[in-house]
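S.K.: Sequence and computational prediction follow.
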Amino acid sequence: MDIDDILASVDRDDFSSPESTALDHQVLTRFWVAERAVSELLPWPGALMERMMERVRKQIEIIEDLTASSSDPFSTSSSSTNINNPTLNLKLSILQTDLSRTQYLIRSLLRQRLSKLTKHSMHYLLLISPPRPSLSQSQSQQSDQRPEDSIPDPTTTTTINPSPLSAQEAAFLHAHQTLLASHYRSSFLNSFPPQLRRLDDNAGGTSMVQGPETKEVVFVRCLAEEVSIVFPADEAAGFDEEEYGATMRIGEVWVVRWEGVKKAWERGEVEIL
């Protein structure tokens, strides 16, 4: 029995084949690399994560069953267990190593996404929440205006799409920002005029809500025959056109702005290195 057979045995009762399991792990690894490389929160891969978490759950169950069988109290000695199961320790070691590899990717991915969520919490709350009617000047100057009143609630409607967040991330984000606003209010915002207590203020044409930087550069490799990279015009660089672009060919590795390859990455035409 080789390593592939041992890992494939974990999915013998699963809906997926060993080939799709390996493919999902490759997709998860690429998504993890991309999430770490860009400052913007990438769309949550719901179907992929559901399959990966199901495999992790089943693999933990199999490891626990093998561990229990290796310490069978009815066996006369430990040597008899080793004779009856000569590959048991090897199987346990391989399965535990493979499980640790998958768990590391998932934990690192979630920590990276939580870091982005907490850094740009109001930006993503406004992104996933339904639009709210603008407040009049008299309403914004009420003496009982609280910072919490400026936090949108994404759960107020059932039709809202939480993308690029998962439902759990959206719930966490709203709870996190509500606690943060309460802390700001008790610390210093209560001493401000009512019209200056909102966390989403955009008076004077300057918004307090800061989003992620999309002009950062990333390393990408072309996976399609040809990929068009389109960039918005940069007035400081002297471009008069509204946009300009270039063409990547398969196998080429470029350093480009994230905003220029975002659409190509979503279509699977490039991968982030």
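M.R.: That came through, no problem. Nothing here was measured: the structure is a model prediction, and the numbers come from that model.

S.K.: Domain map for the protein?
M.R.: With domains defined by automatic domain parsing, the chain comprises 3-119, 122-205, 217-272.

S.K.: how about these in a markdown table, adding distance to G211 and mean pLDDT?
M.R.: To be clear about C-beta, it is placed using only N, CA and C from the backbone, and glycine gets the same treatment. Listed next are the domains of the chain as a markdown table, based on distance: least, C-beta to C-beta, whole Å; pLDDT from 0 to 100:
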| stretch | distance to G211 | mean pLDDT |
| --- | --- | --- |
| domain 3-119 | 8 | 80 |
| domain 122-205 | 4 | 74 |
| domain 217-272 | 12 | 81 |
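
S.K.: mind giving me CSV with those and columns for mean neighbour count?
M.R.: Listed next are the domains of the chain as CSV, based on neighbours: other C-beta atoms under 10 Å:
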stretch, mean neighbour count
domain 3-119, 14
domain 122-205, 15
domain 217-272, 14
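
S.K.: Grab the nearest non-local neighbour of L117.
M.R.: Leaving aside its sequence neighbours, L117 sits nearest to L173 (C-beta to C-beta, 6 or more residues apart in numbering; 5.4 Å).

S.K.: Let me know the helix or strand that that neighbour is in.
M.R.: Element membership of L173 [criterion: DSSP states H and E] is helix 167-187.

S.K.: ok, back up a step: gap between the residue nearest to L117 and I128?
M.R.: Applying C-beta to C-beta, to the nearest Å, the value for L173 to I128 is 8 Å.

S.K.: before we move on, what about D24?
M.R.: Noted for D24: a distance of 26 Å to I128, by C-beta to C-beta.

S.K.: go on, S207?
M.R.: Distance, S207 to I128, using C-beta to C-beta: 17 Å.
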